[in-house]
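1. 3D model of this:
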Amino acid sequence: MHLPIRLALPLLILVSLRGQAVRDPNEVLDRARSNLQEMTRRLTNYACIETVERRYYEPPPQPQQAASCSQILEARSLRTEPLKLEALDRLRLEVTVSEGHEIHAWPGATRFDTRDVEEIIHQGPIGTGVFGTHLIGVFDNSAVDFQYVGAKPDADGIELEYRYHVPLAASRYRVKTGSTWQTVPYQGTVLLDAETLDLRHFTVEAGPLPPATSMCQVDAALDYQRVRIGDGDVMLPRQSQLKIAMDNARETNNVTTFGECREYQTESELHFDTGADVDSAAVKPIVRAPVALPIGLPIVLALSAPIDTATAAAGDPVSAKVMKPVRRPGSSDVLIPAGAIVRGRLTRVERHLLPQPYFLIAMSFNRLTRGDVSSPFAAKYDSNKDLARELGAELRSRARGLEFWDVGTFLFPSTKPNYVLPAGYESTWATLATPSR
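-> Residues are numbered from 1 along each chain as shown. As a prediction, the model looks like this:
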């Protein structure tokens, strides 16, 4: 059933800046909306790798008394000097759309995760909607009000600008308040190519935010392009920025880019063990029961490939070689032979600048492969707590409300813009007990 778009202006004929007559704004928006609806419905056929770089900024000097959100935003609008960058991190996820919602997975995981993204990413600000559901919430929503603003020149031609408003009753935009989610109204702008009606630019400005969110302002800006995938093309964001101003005057800026897009079907298989050091044509390892390991056995691991903080992200696969045989205490029995490979993921890749510069790289291993046999594995690495105190580093990483136990966190003081942990880097971990059949 066709749902008319409500425009807050009378019908009229637009005249472009090139002097060419174009359709009335109702017709233009109606056609663009139809195209975008078709495109968003096809997003379930595609999956992309989403890379998010998050930048954290130190608050500016504040008066002694606590500032209100209105004071913080007013000062922000008048600010002429940029804030000091305090830290940045990077994470990588695979994303697709299912039943009108974005779902995510770690790159190379065997399946997508139906949990909310904040249950997968446990630290730092994260948002959803960039891949396509922001568009679904606006262009597949009959309760949205649109207002034509005008035509303006651009390097690539003429852009048509519209404002939109999504009322609370029709909104799907949610923000987290403590352990619960709360829906808020939002608004923004849409820029369309006057000739092709392709979407070029899209903004989202969250409405009044509940005080419990600790946020004063949330807004996003998305730049779109057509991407050829297989035999068709799809409109996907080239880049997006999510900016958050907190009620303590701190700010964050998430920059999201997409790559490695592919056609996706539910019967597609992605194997965890596929990595740069694994022959993709090799026979899939046979999954066996866990090796029965006593807790606390030392295991020396050497990285199989370098980790470069200029490109690495939380979520990237990581592997290491067992350098010495792991033996049963008081026995010559070899539980894990030298040369076996452990596999896992990076869990944090961070660069901190204040109060002093250092890099933090954390990883977790969960598979052990010996030839064509693969089994569950768990180990932990005891970080340098003295160095952490000296740097003011937070070593803990939490999941499901609990501190990760099977993680190794490494700290590297450095003033360089990036840090490379070389292939062959050795560290000594301690095994964690794994159940046996």
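2. Please enumerate the strands of the stretch 101-250 of the chain.
-> Taking DSSP state E, counting those that start in this stretch to define them, one finds strands in the stretch 101-250 of the chain at 101-105, 145-154, 157-166, 174-177, 180-183, 186-193, 199-206, 215-229, 232-246.
3. low-confidence ranges in this protein?
-> Applying pLDDT under 70 to the chain flags the ranges 1-23, 62-66, 116-120, 122, 177-178, 265-291, 398-404, 434-437.
4. Would you tell me which helix is longest in it?
-> helix 25-41 (DSSP state H).
5. need the contact list for F112.
-> With contacts defined as CB atoms under 8 Å, 6 or more residues apart in numbering, F112 is in contact with 94, 96, 98, 103-105. For the C-beta atoms, the positions are set from N, CA and C on the backbone; glycine is no exception.
6. Please read the previous query as pertaining to D247.
-> Contacts for D247 (CB under 8 Å, 6+ apart) come out as 69, 72, 211, 214-216.
7. Taking those, please make a ChimeraX selection of just the buried ones.
-> Buried members of these, defined by 16 or more other CB atoms under 10 Å, are picked up in ChimeraX with:
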select :69,72,214,215,216
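8. hmm, which two among the contacts of D247 are most spread apart?
-> I72 and P211 (12.8 Å; CB to CB).
9. bridging residues for V300?
-> T428 (DSSP bridges).
10. got the contact list for the nearest residue to T128 once chain neighbours are set aside?
-> Once flanking residues are discounted, T128 sits nearest to E102: 4.8 Å by CB to CB, 6 or more residues apart in numbering. Residues near E102 by CB under 8 Å, 6+ apart: 95-96, 117, 128-129, 131-133.
11. V204: what's it in contact with?
-> V204 neighbours (CB under 8 Å, 6+ apart): 129, 134, 173, 186, 188, 219-222.
12. burial of the residue lying closest to it once chain neighbours are set aside, as a residue count?
-> Of all residues not flanking V204 in the chain, A220 sits nearest, at 4.3 Å (CB to CB, 6+ apart). By other CB atoms under 10 Å, the residues close to A220 number 23.
13. Regarding the most centrally placed residue in the chain, what is its secondary structure?
-> Computing the C-alpha centroid of the chain and ranking residues by CA atoms, centre = their mean puts V52 first, at 4.4 Å. Going by DSSP: H, G, I helix; E, B strand; the rest coil, the secondary structure assigned to V52 is strand.
14. With distance to H352 added, can I get the contacts of V204 in a markdown table?
-> Converted to a markdown table, those look like this (distance: CB to CB, whole Å):
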| residue | distance to H352 |
| --- | --- |
| G129 | 29 |
| H134 | 31 |
| Y173 | 31 |
| Y186 | 32 |
| G188 | 33 |
| D219 | 26 |
| A220 | 25 |
| A221 | 27 |
| L222 | 29 |
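15. Tell me which two of those residues sit farthest apart.
-> Y173 and A221 (15.2 Å).
16. more neighbours, the two?
-> Y173 (21 against 17).
17. which residue packs closest to the more buried one, ignoring adjacent ones?
-> What sits nearest to Y173 in space, not counting adjacent residues and going by CB to CB, 6+ apart, is Y186, at 4.8 Å.
18. That neighbour pairs with what?
-> With DSSP bridges as the rule, Y186 is bridged to V166, A206.
19. for it, what are its contacts?
-> Taking CB under 8 Å, 6+ apart, one finds 166, 171, 173, 204-207 in contact with Y186.
20. Pull out the buried residues from those residues.
-> Looking at these with 16+ other CB under 10 Å, the buried ones turn out to be 166, 171, 173, 204, 206-207.
21. Helices of the chain, start to end?
-> Under DSSP H, the chain gives helices at 25-41, 69-78, 117-120, 133-139, 385-391.
22. export these to a markdown table and tack on distance to D154?
-> A markdown table is the format used below for these (distance: least, CB to CB, whole Å):
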| stretch | distance to D154 |
| --- | --- |
| helix 25-41 | 16 |
| helix 69-78 | 26 |
| helix 117-120 | 33 |
| helix 133-139 | 20 |
| helix 385-391 | 46 |
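23. So which of those is the most surrounded?
-> helix 133-139 (a mean of 22; mean count of other CB atoms under 10 Å).
24. Isn't T431 up against I299?
-> Yes - shown here, T431 and I299 form a contact pair, counting by CB atoms under 8 Å, at 5.8 Å.
25. Neighbour count for these two, which is higher?
-> For T431 versus I299, neighbours defined as other CB under 10 Å are more numerous around I299 (25 against 20).
26. who touches H101 in this structure?
-> T133.
27. Roughly how far does it sit from E205?
-> 22 Å (CB to CB, to the nearest Å).
28. for D316, same thing?
-> To E205, D316 is 33 Å away according to CB to CB.
29. same question, V149
-> 15 Å.
30. Check T189 too.
-> 9 Å.
31. same deal with P59?
-> 22 Å.
32. likewise E195?
-> Counting by CB to CB, the gap from E195 to E205 is 28 Å.
33. and the closest residue to D193 other than its chain neighbours, what is it in contact with?
-> Nearest non-adjacent residue to D193, counting by CB to CB, 6+ apart: R200, 5.7 Å away. R200 sits next to 154, 156, 159, 191-193, 223-224 when contact means CB under 8 Å, 6+ apart.
34. For the residues you listed, which single residue is the most surrounded?
-> Counting by other CB under 10 Å, top hit in those: L192 with 25 neighbours.
35. need the contact list for the closest residue to that one other than its chain neighbours.
-> In space, L192 comes closest to L160 once its chain neighbours are excluded; the distance is 4.7 Å by CB to CB, 6+ apart. Residues in contact with L160 (CB under 8 Å, 6+ apart) are 14, 25, 28, 148, 150-151, 191-194.
36. How far off centre is stretch 298-317?
-> Computed by CA atoms, centre = their mean, to the nearest Å, the chain-centroid distance of stretch 298-317 equals 19 Å.
37. can you check stretch 367-375 too?
-> 30 Å.
38. how about it: buried residues?
-> 367-370, 374-375.
39. Now do the contacts for the closest residue to E426 other than its chain neighbours.
-> Computed as CB to CB, 6+ apart, the closest residue to E426 that is not its neighbour in sequence is A302, at 4.8 Å. A302 sits next to 320-321, 323, 423-426 when contact means CB under 8 Å, 6+ apart.
40. one more time with 7 Å, if that's ok
-> 320-321, 323, 424-426 (CB atoms under 7 Å, 6 or more residues apart in numbering).
41. Likewise for F377?
-> 342, 365-368, 434.
42. okay, now the closest residue in space to A305 that isn't next to it in sequence: neighbour count?
-> Distance criterion CB to CB, 6+ apart; nearest residue to A305, sequence neighbours excluded, is A423 at 5.3 Å. Look at A423: counted by other CB under 10 Å, it has 14 neighbours.
43. now A423: how far from A292?
-> 31 Å.
44. Okay, and the beta partners of A221?
-> Assigned bridge partners for A221, using DSSP bridges, are T203, Q241.
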